[in-house]
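Novice: Sequence plus predicted model, see below.
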Amino acid sequence: MLKVMFLCTANSCRSQMAEGWARKLGKALIEPYSAGLMAAGVHPRAAAVMREAGIDISGQKSKEIDKNLLLKMDIVITLCGHAEATCPLTPPHIKRLHWPIEDPVGTRGTEEVIMKDFRRARDEIRDRITTFIREIVRSEGL
């Protein structure tokens, strides 16, 4: 099972959604973790749109990067440019990927507009996780 850590700035939205999707879609393949450059709590709108998709992330905790845990990962995936640029250096045996997913947290407008952007991020992350799992299956010959 691959240990995968999803990183974003506050570990409140994108990385939390990625952890939830990876846990659901990558059951026997991925042991998912998430963290941030700081911990800001799981965003209620992120939890709400994931609940709409049948995934409960409300019990997940927002955490800062644990450097010792980071060193145990097989793959680290950053979900924002800030995390990509400031994530601690990882040894060469840890694969690094970057998925630039626009942060819905800063979206302005009506609740409908804001929730639509959270759903966009959720669905984009789901699609990336689905493709990622297909690639794992193909490369591992599963």
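Specialist: Great, that's in hand.

Novice: Report the contact partners of Asn133.
Specialist: One correction, residue 133 is Ile, not Asn. 25-26, 29-30 (Cβ atoms under 8 Å, 6 or more residues apart in numbering). Backbone N, C-alpha and C define where each C-beta goes, glycine included.

Novice: what helix or strand does it sit in?
Specialist: According to DSSP states H and E, Ile133 maps onto helix 111-140.

Novice: and that helix, average pLDDT?
Specialist: Mean pLDDT, computed over helix 111-140, is 95.

Novice: pLDDT, neighbour count and secondary structure added to the contacts of Ile133, as TSV?
Specialist: Below are the contacts of Ile133 laid out as TSV (pLDDT from 0 to 100; neighbours: other Cβ atoms under 10 Å; DSSP: H, G, I helix; E, B strand; the rest coil):
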residue	pLDDT	neighbour count	secondary structure
Leu25	96	16	helix
Gly26	94	20	coil
Leu29	93	17	coil
Ile30	94	22	strand
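
Novice: quick one on the thing from earlier: flag every buried residue along the helix holding Ile133.
Specialist: 114-115, 117-119, 121-122, 124-126, 128-129, 132-133, 136 (16 or more other Cβ atoms under 10 Å).

Novice: got the buried residues for stretch 63-73?
Specialist: Applying 16+ other Cβ under 10 Å to stretch 63-73 flags 63, 65, 70, 73 as buried.

Novice: so who does the third one touch?
Specialist: If a contact means Cβ under 8 Å, 6+ apart, then Leu70 has 5, 35, 76, 88, 90, 94 as its contacts.

Novice: Report the distance from the helix or strand containing the first one to the chain centre.
Specialist: Counting by DSSP H and E, the secondary-structure element that holds Met5 is strand 2-8. Remark: strand 2-8 is offset 7 Å from the chain centroid, using Cα atoms, centre = their mean, to the nearest Å.

Novice: Can you pull out the low-pLDDT segments for this structure?
Specialist: Residues of the chain that meet the criterion pLDDT under 70 lie in 83, 87-88, 141-142.

Novice: And the residue lying farthest from the centre of it, how close does it get to Arg128?
Specialist: Computed with Cα atoms, centre = their mean, the residue of the chain farthest from its C-alpha average is Thr110, at 25.6 Å. Thr110 sits 27 Å away from Arg128, going by Cβ to Cβ, to the nearest Å.
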